[in-house]
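J.: Predicted model follows, preceded by the sequence.
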Amino acid sequence: MPIRAVLWDIDDTLFDYTGADAAGLVRQLETEELTDRYGTPAQALALWREITDRHWARFAAGEGTFQGQRQERVREFLEQPGMTADEADAWFDRYIEHYRAAWAVFPDVVPVLDALAAGYRHGVLSNSSTVNQDPKLRHLGLRDRFEVLVCAVELGVSKPEAAAFLAACEALGLPPAEVAYVGDQPEIDARGARDAGLLAVWIDRDGGRGPGPDGAHRIEGLDQLPELLAGDTRFGARSGIR
C-alpha cells in the first residue's frame, strides 16, 4: 500500500526543544543568580533534564497533576523541598518565559511540509500533553498543518507502545501500513512505529548515532523525506538515505 499520511513527533523533530530548553535554563540561572551553583551550563541542563524526565514519566503514568509535577521539578532542582506551591509556580513561570523566547522550528520543517502538502495528510503523535503541544504548535505557526493532534497524556498510553501509534492512525482513519511516522528517538519513535506496522523514519539530526533499528529508515535532514516516502522502501530495499 502507498503511504497516504505522515505522523510527526514534535520535540526535537519539528521543534528545537533541546535548543530552547538549554537557552531558557541558562537565562533563568543568570537572572536568578544561580549560574555558579551547578558547575557548567551543560551540567545544570543535564540535571534539569533528568529531573524533568523522571517527574514527567510519573505524571504520564497517572501520578499527580500537571502543575504538581512542575512544582516538584523546581523543588528538587533547587534542593528546596519546603518551597510552597506558589513559590515553585512563580519560579517555573519565569523559566517558561525564557524558554518560550527561544522557541523555533528547525529550518527544514516548513519546506518539507510545503513539499508534502499536496500528496500526504499530516498528523501529530506526541508523548506530551495537548495542553503543552497545542499552544506550542500554534505559536510556531504549525497547528493548521495537522489534521489531528494525539497526545499520550490524554490518550492514556505512550510511545513506544503500539497502541499509541494505532490510536493516531485511527484518528486519521487509515491503517498503519499507509502511515509513516517521523521522530528523533530511535527506540521510542522508530522502533515503536515499526513494531506497530507503520513506515518508521528516524531523523538523526546529529548524525553518527548508528544505523537505527532494523526495518526503520534513518535520515539526517527532512529534505531527504520526500524521496523516501515516494520510494517506500520499508520492506528492506536499501536507499541512499538509510
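T.: That came through fine.

J.: For Ala44, grab the count of nearby residues.
T.: Using other Cβ atoms under 10 Å, Ala44 has 20 neighbouring residues. Every residue, glycine included, has its C-beta placed from N, CA and C.

J.: Look up how far Glu33 lies from it.
T.: As judged by Cβ to Cβ, to the nearest Å, Ala44 and Glu33 stand 13 Å apart.

J.: what do you get for Arg94?
T.: 13 Å.

J.: ok, those two, which is more surrounded?
T.: Counted by other Cβ under 10 Å, Arg94 and Glu33 do not tie: Arg94 has more neighbours, with 15 against 8.

J.: and the strand or helix carrying the more buried one, what does it pack onto?
T.: Using DSSP states H and E, Arg94 maps to helix 85-101. Where contact means 3 or more Cβ pairs under 8 Å, 6 or more residues apart in numbering; DSSP states H and E, helix 85-101 is packed against helix 17-31, helix 66-78.

J.: Need the three-state assignment for Glu170.
T.: helix (DSSP: H, G, I helix; E, B strand; the rest coil).

J.: That one: neighbouring residues, count only.
T.: By the criterion of other Cβ under 10 Å, Glu170 has 13 neighbours.

J.: Hmm, His98 is touching Ala20, no?
T.: No: with contact defined as Cβ atoms under 8 Å, His98 does not reach Ala20; the gap is 9.1 Å.

J.: ok, so what distance separates the closest residue to Val105 other than its chain neighbours from Glu72?
T.: Leaving aside its sequence neighbours, Val105 sits nearest to Leu140 (Cβ to Cβ, 6 or more residues apart in numbering; 5.4 Å). Here Leu140 is placed at a distance of 28 Å from Glu72 (Cβ to Cβ).

J.: now do Arg37
T.: 19 Å.

J.: Please identify which of these two sits among more neighbours.
T.: Of the pair Arg37 and Glu72, Glu72 is the one with more neighbours under other Cβ under 10 Å, namely 19 against 12.

J.: contacting residues around that one?
T.: Neighbour list for Glu72: His55, Gly64, Ala88 [criterion: Cβ atoms under 8 Å, 6 or more residues apart in numbering].

J.: What subset of the residues you listed is buried?
T.: Buried subset of the contacts of Glu72 (neighbour count, 16 or more other Cβ atoms under 10 Å): His55, Ala88.

J.: and of the contacts of Glu72, the nearest to Glu154?
T.: Here the nearest of the contacts of Glu72 to Glu154, counting by Cβ to Cβ, is Gly64; it sits at 15.9 Å.

J.: ok, the residue nearest to Val112 when sequence neighbours are not counted - contacts?
T.: Once flanking residues are discounted, Val112 sits nearest to Leu222: 4.1 Å by Cβ to Cβ, 6+ apart. Neighbouring residues of Leu222 by Cβ under 8 Å, 6+ apart: Phe106, Asp108, Val109, Pro111, Val112, Val182, Ile203.

J.: taking those residues one by one, which sit in helices?
T.: For the contacts of Leu222, membership in helices holds for Val109, Pro111, Val112, with DSSP state H as the criterion.

J.: Output the residues you listed as CSV; include the columns pLDDT and neighbour count.
T.: Below are those laid out as CSV (pLDDT from 0 to 100; neighbours: other Cβ atoms under 10 Å):
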residue, pLDDT, neighbour count
Val109, 98, 19
Pro111, 98, 12
Val112, 98, 19
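
J.: These into JSON lines, with extra columns for distance to Gly68?
T.: JSON lines is the format used below for the ones in helices among the contacts of Leu222 (distance: Cβ to Cβ, whole Å):
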{"residue": "Val109", "distance to Gly68": "33"}
{"residue": "Pro111", "distance to Gly68": "40"}
{"residue": "Val112", "distance to Gly68": "37"}
